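> Here you go, sequence then predicted model.
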Amino acid sequence: MSHLDTLNDAQREAALHTEGPLLVLAGAGSGKTRVITHRIIHLIEQGVAPHNILAVTFTNKSAKEMRERVFALVAKHAPTERAGHDSLPTVTTFHSLGVRLLRENHESLGLKRHFVIYDRSDSNKAIKAGLEKAGYDTKQFEPRKMLSIISKAKGDALSRADFKDSARSFPERVAAEVWEHYDALLRKEHALDFDDLLAKTLHMLKSNPPILAQYRARFQYVHIDEYQDTNRVQYEIARLIVGERANLCVVGDVDQNIYSWRGADISNILQFERHFPSAKTVFLEENYRSTKTIIAASNDVIEKNVNRPPKNVFTNNAEGEKISLYTAMNGSDEAEHVAMTAKTLIKDGASPSSIAVLYRTNFQSRALEEAFLNFGVPYQLLGTRFFDRKEIKDIFSFLRLALNPDSTADLSRIVNTPARGIGKVTLLKLVEGRRDELKGATAAKVAGFEQLMDDIRAQTKQGTVSEVLKFIIQHTGIEAYYKKEGEEGLERIENLRELVTLGTKYNDYDIEEGLEHLLDDAALQSDQDEMKEKEEQDAVRLMTVHASKGLEFPYVFITGLEEGLFPHERLSDEKIDTEEERRLFYVALTRAEKKVFLSFAHMRTIFGSQRLNEPSSFLHDISDEYIEGQMPGESGFETIITID
């Protein structure tokens, strides 16, 4: 059991507990992923077949890292004679698991194997069509808000009928009506939206005992990382799969629950021992990431929250530097200070990629980007996803339409991309099944497009994924079109070539399976996964605090620490959830390994008008002994301030 020698006592206790429910309450940087990976190896050493083990987390990035660690440990400590994919544990995300289960059982669900996964843009368009069909004004009822209401209901494990019966407000009743039209459109196109990947999986497991029995037999030991981020439907899926044996190990941190706005239910972790009365609980409180100063300050902050089990994170790391606080005159001053400080760190030997600049809301990035450009500091803005670029989505629409001819959303997107003289009236006739009404030149243009789609469809039956992508780029005319579009066109061509390069990663699969994996991975990618693909860029990372969760950096700037901004004041009448905002600040602090820089601005321009700011109340939570503060004086940064 040499692999257990690297664990501390609490980690080892969790890894050795193999039967029945286990709750691991883990502080930030306490090695929770290590516990899961070593527990999996211990299970295999005890005779559990690797393919009977399931580990689930939330992002492709974290799943990939966990998978690599598990497979490396399996090879080193638990070599097996079994060969092939099924001889290894399944390490995946919740949504990828849903896709896998739904594809395996697509026939029983009345779905095509190549069902389309709608992204938010696709869903918003479909919701807008549903609103119009129901006779509602899309300006009065914003599609994005309607989608949000429906999405939350799906995350709460409510069926459309249940939601309709429970609708109280007028917007909810409108959403219930629109949901019916939205569902009909999805069914017609053999499409599922992001929330359906879990909601349909739950419904399948609940309503089909033989299918449930199949997965209970396959996944006899289940692990869930970041359990505090699970919503109702994810909890229900896990509960169904583990059944009465309840071999469920969950790892999480109540203090890092920051996603209630998208359905995360903190009660899942707080009430785990009530849901599973025989559960064993283990606390991981030793932090391996941060200095004593950072840990002490973060403990000061989070202990003010009431809705949490008591725990005291500690570290045996060095004392470290004090936390710097900068008081800026305005947002531009703050951004320039951050850029200059980052430049100084880099000059003193820090790599740009070891620095992260965090902010509460996306609008704050503009001033920061401007400052980083002006001071010549390399930076990477997290948030512009590769797969959201127009040219990439166009190629995927050709591919999805070839695999699923019922996808009118994809047909509408690319039937005239690049322009081939097929207008909206013609498109409407195609969508409505009135192809026979087309005559003359119009019919010839449509026939040419249909032949193109037949050619692409034929390519998807042979060769490799990268060859199919190259065929689409060349034969649809997209490459030739962009070659005429100057610098911007050349940049888009470079992105298309990068897509072909990405496609080579799927070339070892059977062609059909490889194309499925490519489309699924693109649809399920998160912002952090996008950053992972660009990690070769040595640049300062700019991102929201939410996007930083799960990451770590030697140097972390936390900006905009003003009342109304952080903690964030909603634009609606919704009351500030101070506890969740404080958890968000705690997450930001605990991303740092060596040094934290805090800043706020006395004045900031928001929505075109300047406002005077008070320092964030969270700054008062930190003991003065951990803070060194500065504000601009006439001859430099010599004036020390306090935050009493």
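Perfect, I can see it now.

> what's the distance between the spatially closest residue to residue 22 that is not a sequence neighbour and residue 46?
Nearest residue to residue 22 in three dimensions, chain neighbours excluded: residue 249, at 4.4 Å (C-beta to C-beta, 6 or more residues apart in numbering). Any C-beta I mention is one placed from the backbone N, CA and C, and that applies to glycine too. Look at residue 249 and residue 46: by C-beta to C-beta, to the nearest Å, they are 14 Å apart.

> repeat for residue 161
Distance, residue 161 to residue 46, by C-beta to C-beta: 45 Å.

> Repeat that for residue 139.
Distance of residue 139 to residue 46, given as C-beta to C-beta: 61 Å.

> Which one's more surrounded, these two?
Using other C-beta atoms under 10 Å as the criterion, residue 139 and residue 46 rank with residue 46 on top: 11 against 7.

> What residues does the more buried one make contact with?
Taking C-beta atoms under 8 Å, 6 or more residues apart in numbering, we find residue 46 in contact with residue 18.

> And the pLDDT for it?
We have a pLDDT of 90 for residue 46.

> for residue 487, same thing?
If you check residue 487, the pLDDT there is 69.

> Ok, residue 86 next?
Residue 86 is assigned a pLDDT of 51 by the prediction.

> Next: residue 610.
Residue 610 is assigned 75 on the pLDDT scale.

> I'd like the secondary structure assignment at it, please.
Counting by DSSP: H, G, I helix; E, B strand; the rest coil, the backbone at residue 610 sits in strand.

> so what secondary structure elements neighbour the longest strand anywhere in the chain?
Counting residues, the longest strand found in the chain (DSSP state E) is strand 592-601. On a contact count with 3 or more C-beta pairs under 8 Å, 6 or more residues apart in numbering; DSSP states H and E, strand 592-601 meets helix 292-302, strand 323-328, helix 331-347, strand 553-558.

> Could you dump the ones you listed into TSV and include mean neighbour count and mean pLDDT?
TSV is the format used below for these (neighbours: other C-beta atoms under 10 Å; pLDDT from 0 to 100):
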stretch	mean neighbour count	mean pLDDT
helix 292-302	23	96
strand 323-328	22	95
helix 331-347	20	96
strand 553-558	24	98
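
> In TSV, list these along with distance to residue 234.
Below are those laid out as TSV (distance: least, C-beta to C-beta, whole Å):
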stretch	distance to residue 234
helix 292-302	24
strand 323-328	35
helix 331-347	37
strand 553-558	29
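
> Determine the three-state secondary structure at the residue nearest to residue 22.
Here residue 249 is recorded as strand under three-state DSSP.

> isn't it right next to residue 36, touching?
Yes. Between residue 249 and residue 36 there is a contact under C-beta atoms under 8 Å: 7.1 Å.

> For residue 412, which of the helices and strands packed on strand 592-601 is the nearest?
Of all these, helix 331-347 sits nearest to residue 412, with 41.1 Å by C-beta to C-beta.

> ranges for the helices of the stretch 201-350 of the chain?
Secondary structure of the stretch 201-350 of the chain (DSSP state H, counting those that start in this stretch): helices at 209-218, 232-242, 267-270, 272-275, 292-302, 331-347.
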